[in-house]
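>>> next come a sequence and a model predicted from it.
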Amino acid sequence: METQEIQMKYPSGFELAVHMTKKELEYHIRLMAALKMFELGKVSSGKAAQLAGMSRVEFLETCGRYRVSVFNYSPEEVEREIREDVQTIRKLNSQ
């Protein structure tokens, strides 16, 4: 996968204030960006996982640790899916 680079300015000594090394700070900033973009529906869980530098399964587990819902459905979408599932179950039971 080809990568791009973003430069970011932050206050001198910030990594010390949050008790991290520069490498740990970079990792956490990428992770937080991935989690938030996924939560807002801007990227898929797969793309968010790529940004965070982990597998999709690891990312979804991390969502749980940070209380980010993995279900990014509107109430209308949830209702439609439930309705379709109920119809499918009824069809299977009638066979």
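Structure's in. What do you need?
>>> where does the protein have low pLDDT?
Within the chain, not a single segment meets pLDDT under 70.
>>> give me the residues contacting the lengthiest helix in it.
Selection of the longest helix in the chain by residue count, based on DSSP state H, yields helix 75-94. Residues from elsewhere that reach helix 75-94 (CB atoms under 8 Å, 6 or more residues apart in numbering): Phe71, Tyr73. The C-beta positions use only the backbone N, C-alpha and C, and glycine is treated the same way.
>>> what do you get for stretch 40-59?
Stretch 40-59 is contacted by residues 1, 27, 30-31, 33-35, 37-38, 60, 62-63, 70, 72 when judged by CB under 8 Å, 6+ apart.
>>> can you say which of these are buried?
Neighbour-count burial within the contacts of stretch 40-59 applies to Leu31, Ala33, Ala34, Leu35, Phe38, Leu60, Thr62, Cys63; the criterion is 16 or more other CB atoms under 10 Å.
>>> farthest-apart pair in those residues, please.
Spatially, the most separated pair among the buried ones among the contacts of stretch 40-59 is Ala33 and Leu60, at 16.7 Å (CB to CB).
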